[in-house]
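>>> Structural data only, the sequence is not supplied:
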(Lines give C-alpha, C1' and ligand atoms only; values in the text may rest on other atoms or scores of the structure.)
Protein backbone atom coordinates (compact mmCIF):
# COMPACT_ATOMS: atom_id res chain seq x y z
CA UNK A 1 0.00 0.00 0.00
CA UNK A 2 2.87 2.37 0.80
CA UNK A 3 4.43 1.72 -2.61
CA UNK A 4 1.14 2.50 -4.38
CA UNK A 5 0.68 5.74 -2.43
CA UNK A 6 4.29 6.78 -3.15
CA UNK A 7 3.88 6.18 -6.88
CA UNK A 8 0.55 8.02 -6.85
CA UNK A 9 2.21 11.01 -5.18
CA UNK A 10 5.01 10.96 -7.77
CA UNK A 11 2.43 10.74 -10.54
CA UNK A 12 0.53 13.79 -9.27
CA UNK A 13 3.75 15.73 -8.58
CA UNK A 14 4.84 15.10 -12.18
CA UNK A 15 1.54 16.49 -13.43
CA UNK A 16 2.04 19.63 -11.35
CA UNK A 17 5.59 19.90 -12.71
CA UNK A 18 4.32 19.74 -16.29
CA UNK A 19 1.70 22.41 -15.62
CA UNK A 20 4.30 24.64 -13.99
CA UNK A 21 6.68 24.08 -16.90
CA UNK A 22 3.94 25.03 -19.34
CA UNK A 23 3.31 28.28 -17.47
CA UNK A 24 7.03 29.10 -17.47
CA UNK A 25 7.22 28.29 -21.18
CA UNK A 26 4.26 30.59 -21.84
CA UNK A 27 6.03 33.45 -20.05
CA UNK A 28 9.25 32.71 -21.93
CA UNK A 29 7.53 32.74 -25.32
CA UNK A 30 5.94 36.08 -24.45
CA UNK A 31 9.38 37.44 -23.56
CA UNK A 32 10.86 36.13 -26.80
CA UNK A 33 8.17 37.86 -28.83
CA UNK A 34 9.11 41.19 -27.27
CA UNK A 35 12.88 40.72 -27.12
CA UNK A 36 14.89 43.71 -28.36
CA UNK A 37 18.40 42.38 -27.70
CA UNK A 38 20.14 39.25 -28.93
CA UNK A 39 21.26 38.59 -25.35
CA UNK A 40 17.61 38.32 -24.24
CA UNK A 41 16.82 35.83 -26.98
CA UNK A 42 19.91 33.74 -26.17
CA UNK A 43 19.07 33.59 -22.46
CA UNK A 44 15.51 32.41 -23.09
CA UNK A 45 16.63 29.91 -25.72
CA UNK A 46 18.89 28.31 -23.09
CA UNK A 47 15.93 28.22 -20.69
CA UNK A 48 13.82 26.44 -23.29
CA UNK A 49 16.57 23.85 -23.62
CA UNK A 50 16.16 23.06 -19.92
CA UNK A 51 12.36 23.05 -20.25
CA UNK A 52 12.61 20.56 -23.11
CA UNK A 53 14.41 18.18 -20.75
CA UNK A 54 11.77 18.77 -18.06
CA UNK A 55 8.93 17.99 -20.47
CA UNK A 56 10.67 14.90 -21.86
CA UNK A 57 11.49 13.40 -18.46
CA UNK A 58 8.11 14.45 -17.05
CA UNK A 59 6.14 12.82 -19.87
CA UNK A 60 8.09 9.56 -19.53
CA UNK A 61 7.75 9.55 -15.75
CA UNK A 62 4.04 10.24 -16.03
CA UNK A 63 3.52 7.28 -18.36
CA UNK A 64 5.62 4.92 -16.21
CA UNK A 65 3.92 5.83 -12.94
CA UNK A 66 0.55 5.73 -14.67
CA UNK A 67 1.27 2.23 -15.97
CA UNK A 68 2.14 1.09 -12.44
CA UNK A 69 -1.05 2.57 -11.01
CA UNK A 70 -3.19 1.06 -13.76
CA UNK A 71 -1.66 -2.38 -13.29
CA UNK A 72 -2.53 -2.41 -9.62
CA UNK A 73 -6.07 -1.04 -9.68
CA UNK A 74 -7.49 -0.40 -13.17
CA UNK A 75 -7.35 -1.92 -16.63
CA UNK A 76 -5.87 -0.52 -19.83
CA UNK A 77 -9.21 -1.23 -21.48
CA UNK A 78 -10.80 1.57 -19.44
CA UNK A 79 -11.63 4.38 -21.84
CA UNK A 80 -10.32 7.24 -19.71
CA UNK A 81 -6.94 5.53 -19.30
CA UNK A 82 -6.46 5.05 -23.04
CA UNK A 83 -7.54 8.63 -23.77
CA UNK A 84 -5.17 9.99 -21.11
CA UNK A 85 -2.20 8.02 -22.49
CA UNK A 86 -2.92 9.09 -26.08
CA UNK A 87 -3.27 12.70 -24.98
CA UNK A 88 0.11 12.64 -23.26
CA UNK A 89 1.69 11.34 -26.47
CA UNK A 90 -0.10 14.07 -28.45
CA UNK A 91 1.20 16.73 -26.01
CA UNK A 92 4.78 15.54 -26.47
CA UNK A 93 4.50 15.40 -30.29
CA UNK A 94 2.83 18.82 -30.47
CA UNK A 95 5.40 20.49 -28.23
CA UNK A 96 8.40 18.89 -29.92
CA UNK A 97 7.28 19.68 -33.47
CA UNK A 98 6.43 23.28 -32.53
CA UNK A 99 9.83 23.74 -30.88
CA UNK A 100 11.71 22.47 -33.93
CA UNK A 101 9.59 24.50 -36.34
CA UNK A 102 10.02 27.71 -34.31
CA UNK A 103 13.50 27.60 -32.79
CA UNK A 104 15.37 26.53 -35.93
CA UNK A 105 14.43 29.69 -37.92
CA UNK A 106 15.31 31.83 -34.88
CA UNK A 107 18.74 30.23 -34.63
CA UNK A 108 19.34 30.74 -38.34
CA UNK A 109 18.33 34.40 -38.16
CA UNK A 110 20.70 35.02 -35.22
CA UNK A 111 23.58 32.92 -36.54
CA UNK A 112 26.91 34.50 -35.64
CA UNK A 113 25.34 37.14 -33.38
CA UNK A 114 26.00 37.14 -29.64
CA UNK A 115 24.93 40.66 -28.70
CA UNK A 116 23.32 43.80 -30.04
CA UNK A 117 19.81 44.59 -31.28
CA UNK A 118 17.67 41.78 -32.67
CA UNK A 119 17.96 41.89 -36.49
CA UNK A 120 14.88 42.61 -38.57
CA UNK A 121 14.92 39.15 -40.17
CA UNK A 122 14.48 37.56 -36.71
CA UNK A 123 11.29 39.45 -35.83
CA UNK A 124 9.12 37.14 -37.94
CA UNK A 125 10.38 33.84 -36.44
CA UNK A 126 10.25 35.27 -32.92
CA UNK A 127 6.58 36.19 -33.34
CA UNK A 128 5.46 33.15 -35.32
CA UNK A 129 2.11 31.89 -33.99
CA UNK A 130 3.03 28.17 -34.11
CA UNK A 131 4.80 28.01 -30.75
CA UNK A 132 2.33 30.41 -29.10
CA UNK A 133 -0.57 28.17 -30.13
CA UNK A 134 1.23 24.94 -29.14
CA UNK A 135 1.93 26.01 -25.57
CA UNK A 136 -1.69 27.05 -24.97
CA UNK A 137 -3.07 23.90 -26.59
CA UNK A 138 -0.73 21.71 -24.54
CA UNK A 139 -1.68 23.47 -21.33
CA UNK A 140 -5.36 22.94 -22.13
CA UNK A 141 -4.76 19.25 -22.79
CA UNK A 142 -2.75 18.79 -19.58
CA UNK A 143 -5.54 20.36 -17.51
CA UNK A 144 -8.08 18.17 -19.32
CA UNK A 145 -6.07 15.04 -18.51
CA UNK A 146 -5.95 16.07 -14.86
CA UNK A 147 -9.74 16.42 -14.87
CA UNK A 148 -10.16 13.03 -16.58
CA UNK A 149 -7.88 11.36 -14.02
CA UNK A 150 -9.94 12.74 -11.17
CA UNK A 151 -13.42 12.03 -12.59
CA UNK A 152 -12.56 8.82 -14.54
CA UNK A 153 -15.36 9.14 -17.11
CA UNK A 154 -16.19 6.70 -19.90
CA UNK A 155 -14.05 6.78 -23.02
CA UNK A 156 -16.35 9.00 -25.08
CA UNK A 157 -16.74 11.56 -22.31
CA UNK A 158 -12.99 11.50 -21.62
CA UNK A 159 -12.37 12.29 -25.29
CA UNK A 160 -14.86 15.15 -25.13
CA UNK A 161 -13.08 16.64 -22.11
CA UNK A 162 -9.73 16.48 -23.93
CA UNK A 163 -11.22 18.04 -27.06
CA UNK A 164 -12.76 20.79 -24.94
CA UNK A 165 -9.39 21.50 -23.30
CA UNK A 166 -7.69 21.55 -26.70
CA UNK A 167 -10.30 23.92 -28.12
CA UNK A 168 -10.05 26.19 -25.09
CA UNK A 169 -6.25 26.39 -25.39
CA UNK A 170 -6.44 27.11 -29.12
CA UNK A 171 -9.08 29.80 -28.57
CA UNK A 172 -7.01 31.55 -25.89
CA UNK A 173 -3.97 31.43 -28.19
CA UNK A 174 -5.94 32.98 -31.04
CA UNK A 175 -7.40 35.72 -28.83
CA UNK A 176 -4.07 36.67 -27.28
CA UNK A 177 -1.69 36.16 -30.21
CA UNK A 178 -2.41 39.35 -32.14
CA UNK A 179 -2.70 41.40 -28.94
CA UNK A 180 0.63 40.12 -27.63
CA UNK A 181 2.30 40.62 -31.00
CA UNK A 182 1.20 44.26 -31.12
CA UNK A 183 2.15 44.93 -27.49
CA UNK A 184 5.57 43.31 -27.92
CA UNK A 185 6.36 44.73 -31.35
CA UNK A 186 9.44 46.94 -31.71
CA UNK A 187 7.34 49.91 -32.84
CA UNK A 188 5.16 49.73 -29.73
CA UNK A 189 8.11 49.36 -27.37
CA UNK A 190 9.98 52.23 -29.02
CA UNK A 191 6.91 54.45 -28.85
CA UNK A 192 6.48 53.61 -25.15
CA UNK A 193 10.12 54.43 -24.47
CA UNK A 194 9.79 57.73 -26.35
CA UNK A 195 6.72 58.72 -24.32
CA UNK A 196 8.33 58.05 -20.94
CA UNK A 197 10.22 61.38 -20.72
CA UNK A 198 7.08 63.33 -21.67
CA UNK A 199 4.81 61.54 -19.22
CA UNK A 200 7.35 61.45 -16.40
CA UNK A 201 7.14 57.64 -16.30
CA UNK A 202 10.83 57.05 -16.89
CA UNK A 203 13.24 55.97 -14.19
CA UNK A 204 14.85 59.45 -14.03
CA UNK A 205 11.56 61.32 -13.88
CA UNK A 206 11.96 62.11 -10.20
CA UNK A 207 15.39 63.68 -10.82
CA UNK A 208 14.23 65.90 -13.70
CA UNK A 209 13.37 69.51 -12.77
CA UNK A 210 9.87 70.69 -13.44
CA UNK A 211 9.41 72.78 -16.58
CA UNK A 212 6.65 74.88 -14.95
CA UNK A 213 8.02 77.85 -13.00
CA UNK A 214 6.95 78.20 -9.42
CA UNK A 215 4.79 81.22 -8.55
CA UNK A 216 6.17 83.61 -6.00
CA UNK A 217 3.98 84.15 -2.94
CA UNK A 218 1.94 87.35 -2.99
CA UNK A 219 3.49 90.20 -0.96
CA UNK A 220 1.33 91.99 1.54
CA UNK A 221 1.70 95.80 1.72
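Yes, it's here. Small disclaimer: the values here were computed from a predicted structure and weren't measured.

>>> which strands and helices sit next to whichever strand or helix holds residue 163?
Residue 163 belongs to helix 155-183 when assigned by DSSP states H and E. Where contact means 3 or more Cβ pairs under 8 Å, 6 or more residues apart in numbering; DSSP states H and E, helix 155-183 is packed against helix 2-33, helix 79-109, helix 129-151. All C-beta atoms are positioned from the backbone trio N, CA, C, and that covers glycine.

>>> try 10 Å this time
helix 2-33, helix 79-109, helix 129-151, helix 186-199 (3 or more Cβ pairs under 10 Å, 6 or more residues apart in numbering; DSSP states H and E).

>>> Include mean neighbour count and mean pLDDT when you put these into TSV, please.
Below are these laid out as TSV (neighbours: other Cβ atoms under 10 Å; pLDDT from 0 to 100):
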stretch	mean neighbour count	mean pLDDT
helix 2-33	16	87
helix 79-109	17	85
helix 129-151	21	89
helix 186-199	11	47
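
>>> Give me the residue at the spatial middle of this structure.
Closest to where the C-alpha atoms of the chain average out (Cα atoms, centre = their mean) is residue 26, at 1.4 Å.

>>> And that one, how close does it get to residue 131?
In this view, residue 26 and residue 131 are 10 Å apart by Cβ to Cβ, to the nearest Å.

>>> what residues do the two have in common as contacts?
Taking Cβ atoms under 10 Å, 6 or more residues apart in numbering as the criterion, residue 26 and residue 131 both touch residue 173.

>>> and the helix holding residue 163, which residues are buried?
Neighbour counts using 16 or more other Cβ atoms under 10 Å place 158-159, 161-162, 165-166, 168-169, 172-173, 177, 180-181 of helix 155-183 among the buried residues.

>>> What of stretch 116-128?
Applying 16+ other Cβ under 10 Å to stretch 116-128 flags 118, 122-123, 125-128 as buried.
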